[in-house]
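*Asks:* 3D, please:
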Amino acid sequence: MDLHGKRVLVVGLARTGIATAKFLKTKGSLVTTTEVQPKEEMKEADKELKGMGISMEWGGHQVETFLKQDMIVVSPGVDLSIAPIQKAIQKGVQVISEIELAYPFIRAPIIGVTGTNGKTTTTLLIGEMLKEDGKKVGVGGNVGEPLILFTNGKERWDVLVVEISSFQLEAIHEFRPSISVLLNITEDHLDRYPSYLDYITAKMRIFRNQNSGDWAILNRDDPIVMQGQGKVKAKKILFSLKEALGEGAFSDGRTISLRLGGEKEEYPLAQAPLKGVHNVENMMAALTAARVFGCSKKAVQEVLNRFEGLEHRLEFVREIEGVRFYNDSKGTNVGSVVKSLQSFSEPVILIAGGKDKNGDLTPLKALVRERVKCLILMGEAKERMAHELEGQTDTVMAKTLEEAVRLAHQKARGGDIVLLSPACSSFDMFKDYKERGRIFKEAVHRI
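*Replies:* Numbers count the residues shown, from 1 in each chain. Sure, this is the predicted structure:
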């Protein structure tokens, strides 16, 4: 990709946008940046790019700026349907994501991980397994460093393990992982996509450029994933919790069995700190990807035995008088909350709600009826959630997360679980899911 002298616009100036603008400058591009937030709220970006000869626009997008570019690079989370981008596309301006820009400058093989839930855990697991095996591993994309930072040539990577969102996949053309992992697809980001089908289509783009020399690791138990697998040209390996497979991974919850090329391997989970049905799926996907890449069995088992999981993802916070509190603030969609509720056999007091992503709540109904003794709702989505889940369990409203924690503590009895798993994004009340999780933990520790 020849970038010298090209007029390139970077849309969005969070961490990825800053790194992209700097990269383009080193390649001799004429760089402009545009950010919807005002300059005063983006002091870090302004400070990082000041004095580099980059034209910066703040507080909104100017259509004219988009139309005079040779190329537009969108940061993760920037909606491709916004008018300035659509007008630029109509004029013939090339629009790509940051991972597409980085791809031609990367020499290491890529393991790409996507799915509605479990992406970060699976990406980090694969990275740890390969590092344990002595490989030089870069972990990036939606977790770790933006992919563009792995193009600097100073490091010799054996492999890059990349978490990829649907937003990033929307604007790829040549990007091609050697190994792709699709964990699951459930409704998410319907506030962003015109339909569920558009979201599914975006996820499936991870396989777009793969061929028969590549690998695709797929969830056998996910009907949407399996509906799309006919279009996958790479060699397919499946993982399942329901069916022992002739080739692929299967788990009964106690052991993971992997069959590759006729050989069978067993990985006991007795010492694994990761708990929950969703994490068994993540571990199956991760170890399959690692072994396909050539990681040793010993390294895989070592990591399974020590990997403790992510902050804000079914994270144990504290036990008070026999009541255990769990922070699942990263559970920002319905499918994620379903997996979290399935991880407990004890009665659950569920704290949910936040910025509504318009997800279908039907998959939650039976689980709420069977496992949730009290539902505490908060945030912008609370009225809709209360209406759609009406009659399933005792339901109360809270004005703040702190109030929700106090109510949960009052209603809980020894042996119960208090679970924050919102099924919504956090932006109506918090900066992000991390702030929401931190405030939940602080409120629990104040009890």
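
*Asks:* domain-wise, how is the protein divided?
*Replies:* Annotated domains of the chain cover 7-98, 106-306, 315-445 [automatic domain parsing].

*Asks:* okay if I get these as CSV plus distance to M1 and mean neighbour count?
*Replies:* C-beta here means a position set from N, CA and C on the backbone, and glycine is covered the same way. CSV is the format used below for the domains of the chain (distance: least, C-beta to C-beta, whole Å; neighbours: other C-beta atoms under 10 Å):
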stretch, distance to M1, mean neighbour count
domain 7-98, 9, 18
domain 106-306, 9, 19
domain 315-445, 32, 19
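
*Asks:* would JSON lines of those with mean pLDDT be doable?
*Replies:* Output for those, formatted as JSON lines (pLDDT from 0 to 100):
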{"stretch": "domain 7-98", "mean pLDDT": "95"}
{"stretch": "domain 106-306", "mean pLDDT": "93"}
{"stretch": "domain 315-445", "mean pLDDT": "94"}
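
*Asks:* may I have the phi/psi pair for the closest residue to A216 other than its chain neighbours?
*Replies:* Sequence neighbours aside, A234 is the residue nearest to A216 in space, at 4.1 Å (criterion: C-beta to C-beta, 6 or more residues apart in numbering). Dihedral pair for A234: phi -70, psi 170, per degrees, to the nearest 10.

*Asks:* which residues touch A234?
*Replies:* If a contact means C-beta atoms under 8 Å, 6 or more residues apart in numbering, then A234 has S180, F207, Q210, N211, S212, G213, D214, W215, A216 as its contacts.

*Asks:* among those residues, which lie within strands?
*Replies:* Those of the contacts of A234 mapping onto strands are S180, W215, A216, per DSSP state E.

*Asks:* where's the last one relative to R413, distance?
*Replies:* A216 sits 47 Å away from R413, going by C-beta to C-beta, to the nearest Å.

*Asks:* now swap in E311 and tell me
*Replies:* Taking C-beta to C-beta, one finds E311 at 28 Å from R413.

*Asks:* ok, A285 next?
*Replies:* 37 Å.

*Asks:* do the same with A234
*Replies:* 51 Å.

*Asks:* just I439 next, same as before
*Replies:* Counting by C-beta to C-beta, the separation of I439 from R413 is 25 Å.

*Asks:* M129 now?
*Replies:* Distance from M129 to R413, by C-beta to C-beta: 41 Å.

*Asks:* quick check: E402 touching V444?
*Replies:* No - at 10.0 Å, E402 does not count as touching V444 under the criterion of C-beta atoms under 8 Å.

*Asks:* all helices for the stretch 151-300 of the chain, in order.
*Replies:* For the stretch 151-300 of the chain, applying DSSP state H, counting those that start in this stretch gives helices covering 166-169, 196-204, 223-228, 277-293, 297-306.

*Asks:* again, but for the stretch 301-447 of the chain
*Replies:* Under DSSP H, counting those that start in this stretch, the stretch 301-447 of the chain gives helices at 334-342, 362-371, 382-388, 401-411, 433-445.

*Asks:* name the helices or strands packed onto the fourth one?
*Replies:* The helices and strands touching helix 401-411, judged by 3 or more C-beta pairs under 8 Å, 6 or more residues apart in numbering; DSSP states H and E, are strand 348-352, strand 372-377, strand 417-420, helix 433-445.

*Asks:* relative to the whole chain's centre, how far out is the longest one?
*Replies:* Taking C-alpha atoms, centre = their mean, to the nearest Å, one finds helix 433-445 lying 20 Å from the centre of the chain it belongs to.

*Asks:* on that earlier part again, of all the ones in strands among the contacts of A234, which comes closest to F430?
*Replies:* For the ones in strands among the contacts of A234, the closest approach to F430 (C-beta to C-beta) belongs to S180, at 32.5 Å.

*Asks:* how near is T116 to I351?
*Replies:* T116 is 21 Å from I351, by C-beta to C-beta.

*Asks:* again, but for A408
*Replies:* With distances taken as C-beta to C-beta, A408 is found 6 Å from I351.

*Asks:* hey, what's in contact with both of the two?
*Replies:* Common neighbours of A408 and I351 (C-beta under 8 Å, 6+ apart) are I376, V418.

*Asks:* for the nearest residue to S240 once chain neighbours are set aside, give its distance to N279.
*Replies:* Distances taken as C-beta to C-beta, 6+ apart place R220 nearest to S240, at 3.9 Å, with adjacent residues excluded. From R220 across to N279, the span is 17 Å (C-beta to C-beta).

*Asks:* with E315 as the reference, name the closest of the helices of the stretch 301-447 of the chain.
*Replies:* Nearest to E315, of these and by C-beta to C-beta, is helix 433-445 at 7.4 Å.

*Asks:* could you dump that closest one to PDB, C-alpha only?
*Replies:* Provided in PDB are the C-alpha atoms of helix 433-445 (Å, rounded to 0.1, in the frame of the first residue of the first chain):
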ATOM      1  CA  TYR A 433     -18.300  -0.800  31.500                       C
ATOM      2  CA  LYS A 434     -15.100  -0.600  33.600                       C
ATOM      3  CA  GLU A 435     -16.300   2.500  35.500                       C
ATOM      4  CA  ARG A 436     -19.700   0.700  36.100                       C
ATOM      5  CA  GLY A 437     -17.900  -2.400  37.400                       C
ATOM      6  CA  ARG A 438     -15.600  -0.400  39.600                       C
ATOM      7  CA  ILE A 439     -18.500   1.500  41.200                       C
ATOM      8  CA  PHE A 440     -20.300  -1.800  41.800                       C
ATOM      9  CA  LYS A 441     -17.300  -3.200  43.600                       C
ATOM     10  CA  GLU A 442     -16.900  -0.100  45.700                       C
ATOM     11  CA  ALA A 443     -20.500  -0.300  46.700                       C
ATOM     12  CA  VAL A 444     -20.200  -4.000  47.600                       C
ATOM     13  CA  HIS A 445     -17.100  -3.300  49.700                       C
END
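
*Asks:* ok now do the residue most central in space within the chain, which residues does it touch?
*Replies:* Of all residues in the chain, the one closest to the mean position by C-alpha atoms, centre = their mean is K119, 4.6 Å from it. By C-beta under 8 Å, 6+ apart, the contact set of K119 is V113, N142, V143, E163, I164, S165, L183.

*Asks:* ok, of the residues you listed, which one's closest to A299?
*Replies:* The closest of the contacts of K119, once distances to A299 are taken by C-beta to C-beta, is V113, at 18.1 Å.

*Asks:* if I look at the closest one, how far off is K43?
*Replies:* Distance of V113 to K43, computed by C-beta to C-beta: 33 Å.
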